[in-house]
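*Asks:* coordinates only, sequence not included:
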């Protein structure tokens, strides 16, 4: 009996260099160019501008001045006070916005009559530009003819209130407006998360005798945790960088009580013409908020 000879090993065909990568870049390039032109380039230019003495003027010369802007900024108490106000604004609006949006999302998730109408109405602030929202609230809060003071007067309550002109209440009022304006996107995101929670989990918990609160705390909320982390992070960034809403409402007043850092940097650049100094403020804000978000997200990932 003759032994069968082992088949000779076949040589793998040489892999031809694929052009898929080049074709992919050609397809992505039309979308990548606007991103590079309108996002990446202004970001890099802004960072570089923070290390110069750039000022407004057609013939103004720009020179590299190292860290002079940041040294001056370290002793600028007005800027750090605006940064503190910005943190109060961002955290307050984000927290209240999340709580209100979560309650509204839970309500809209119920099988109620005219639920479609309630969901449509909840989206109205999302469809309005921040400038329009600010003008609308300015009219409502007008101390002379606004419907808010008129309603208080009808109820026999104190009505001579300058909601946006008194330093003691201007920031809380602006925070309430910010919560109202930012609720829709948070509500819709949480509502989508609620609808993705398997109904079997709640049914099993109910069979085991868990109350409505315990089912929410131990079943619904843990399932929503990744969505909550994502939306609160985005809300915090958006709220801290908020500009148009507060600018139209109060322009940072009265007495600087609503002066967010973005407004402070805007005034430094376009009212006083110190572009380099204003760019340094923006760089500091990006670094500090980026560091905080890194710590926050790392803590959330560890909890998971």
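*Replies:* Looks like it arrived, so ask away. Computed from a prediction, not measured in an experiment: that's the story for all the values here.
*Asks:* Could you list the low-confidence segments of the protein?
*Replies:* Under the criterion pLDDT under 70, the flagged ranges of the chain are 1-21, 303-304.
*Asks:* tell me the centre residue of this protein?
*Replies:* Taking C-alpha atoms, centre = their mean, the centroid of the chain lies closest to residue 238, which sits 1.9 Å from it.
*Asks:* Give me the contact list for stretch 223-233.
*Replies:* Outside stretch 223-233, the residues that touch it by C-beta atoms under 8 Å, 6 or more residues apart in numbering are 94, 98, 185-186, 189-190, 192-194, 196-197, 201, 293, 296-297, 300, 303-304. To be clear about C-beta, it is placed using only N, CA and C from the backbone, and glycine gets the same treatment.
*Asks:* quick revisit: can you confirm the residue nearest to the centre of the chain is in a strand?
*Replies:* No: using DSSP: H, G, I helix; E, B strand; the rest coil, the secondary structure at residue 238 is helix, not a strand.
*Asks:* mind listing what it touches?
*Replies:* Going by C-beta under 8 Å, 6+ apart, residue 238 touches residue 182.
*Asks:* Then the one 10 residues further on?
*Replies:* If you count contacts by C-beta under 8 Å, 6+ apart, residue 248 has them with 130, 131, 134, 135, 138.
*Asks:* So which of those residues are in helices?
*Replies:* 130, 131, 134, 135, 138 (DSSP state H).
*Asks:* Am I right that the third one is in contact with residue 250?
*Replies:* It refers to residue 134. No: under the contact definition of C-beta atoms under 8 Å, residue 134 does not touch residue 250, with a separation of 9.1 Å.
*Asks:* Are there residues contacting both of those two? Which ones?
*Replies:* Contacts common to residue 134 and residue 250, judged by C-beta under 8 Å, 6+ apart, are absent.
*Asks:* and the longest helix seen in the chain, which residues are buried?
*Replies:* The helix that spans the most residues within the chain, counting by DSSP H, is helix 77-108. Taking 16 or more other C-beta atoms under 10 Å as the neighbour-count basis, helix 77-108 is seen to contain the buried residues 79, 82-83, 85-87, 89-90, 92-94, 96-98, 100-102, 104-105, 108.
*Asks:* All the helices of the stretch 151-300 of the chain, residue numbers only.
*Replies:* Taking DSSP state H, counting those that start in this stretch, the helices of the stretch 151-300 of the chain run over residues 170-195, 199-207, 212-215, 221-240, 244-249, 261-266, 275-303.
*Asks:* Is it possible to get TSV of the ones you listed that adds distance to residue 43?
*Replies:* Compiled in TSV, those are given as follows (distance: least, C-beta to C-beta, whole Å):
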stretch	distance to residue 43
helix 170-195	24
helix 199-207	43
helix 212-215	45
helix 221-240	15
helix 244-249	20
helix 261-266	15
helix 275-303	9
